[in-house]
Structures are given as structure tokens and as C-alpha cells.
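Asker: Show me the folded form of this:
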Amino acid sequence: MTEWLQLFMMIAAPLFIGSISISPKKSLRKIFFGLIIIGGLIFLGYCLVLNYNIRGAGQKMIDIKALTAEGQQRWRQKYDQPLKYVGGEDNLYQWFIIYASDRPDTIQPWDSSEDPATKCLLSRYYGRKN
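Answerer: Numbers count the residues shown, from 1 in each chain. The predicted structure is shown next:
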């Protein structure tokens, strides 16, 4: 739930500071120093939670990674060569592109009729026009 709030919180502080119309009489140095310390502590806590895997926080995609490793291992056992291409009807093949150590390409056709940027990227990557 908090991940979607992070986008709003990134712009909340600058907007709040920008909305101050009366300049303060005291120096804001202590407040800014305190905010920097609190931000550092939050970042340190986040790193510690991920590093020590508290409540499985460091294992976000563990099932997908295990599926990818097992699929790649089965491919190598059967064909004795690296996995070069993946595809399929569902989106599981996309995880193979990311997590497989062979770094396979996709054979899934893309619909580039709506997005000209995709058409340009595909023509550069594959050396042809779609």
C-alpha cells in the first residue's frame, strides 16, 4: 500500500515548502538538518529490512526466480544448449527475459501499430520495418 504513496510524498515536501508565503523569522537550518537525519534513518532501516529479509521483504520475486531457474535447467538438460528464445500466451515468458542467466530474446510478436516508438525500436533491434 505504501509503494503508491511514495510518488506523492516525493513531491509533497517541495510543494509544501513552496507554499510558504511568509518567510520564517527563525533559521530553518535545524529543521532541515533534522529532516536529513530522519531521511537517512528511514533509508538505513529500509536497507536493513531488505538485507536481513525481515518477513520475507528481500524475497519479493522468489517464486518467479525459482520457476525461471527450473525452466532453464530443464531446457539445458533436454537440449544441452543455452536458452535463446522464449514466448507464450501468458506473461510468464517475460520473467525469463529478466531472470534467466542465458538472457533469452522474446519471439512474441508485438503490436506496434499503435505506438510509433515501439516500431522504431523494433526496426533498430531487428533491422527491419514492421
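
Asker: Thr106 - how many residues pack around it?
Answerer: Burial measure for Thr106: 14 neighbouring residues, criterion other CB atoms under 10 Å. Where C-beta positions appear, they are placed from N, C-alpha and C, glycine not excepted.

Asker: Rounded mean pLDDT for the particular helix or strand that has Gly39 in it, please.
Answerer: In this structure, Gly39 sits in helix 29-51 according to DSSP states H and E. Looking at helix 29-51 alone, the average pLDDT works out to 90.

Asker: Just give me the residue right at the centre of the chain.
Answerer: Centroid-nearest residue in the chain, with CA atoms, centre = their mean: Ile98, separated by 10.7 Å.

Asker: Send me the helix holding Gly39 as CSV with only the CA atoms.
Answerer: The C-alpha atoms that make up helix 29-51 are tabulated as CSV, following Å, rounded to 0.1, in the frame of the first residue of the first chain:
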residue,chain,number,x,y,z
ARG,A,29,18.8,25.0,9.5
LYS,A,30,17.9,22.8,12.4
ILE,A,31,14.7,21.7,10.8
PHE,A,32,16.4,20.8,7.5
PHE,A,33,19.2,19.0,9.4
GLY,A,34,16.6,17.0,11.3
LEU,A,35,14.8,16.1,8.1
ILE,A,36,18.1,14.9,6.6
ILE,A,37,18.8,12.7,9.7
ILE,A,38,15.3,11.2,9.6
GLY,A,39,15.6,10.5,5.9
GLY,A,40,18.9,8.8,6.4
LEU,A,41,17.5,6.7,9.2
ILE,A,42,14.5,5.7,7.1
PHE,A,43,16.8,4.7,4.2
LEU,A,44,19.1,2.7,6.6
GLY,A,45,16.0,0.9,8.0
TYR,A,46,14.8,0.0,4.6
CYS,A,47,18.2,-1.4,3.7
LEU,A,48,18.4,-3.4,6.9
VAL,A,49,14.9,-4.9,6.4
LEU,A,50,15.8,-6.0,2.9
ASN,A,51,19.3,-7.2,3.9
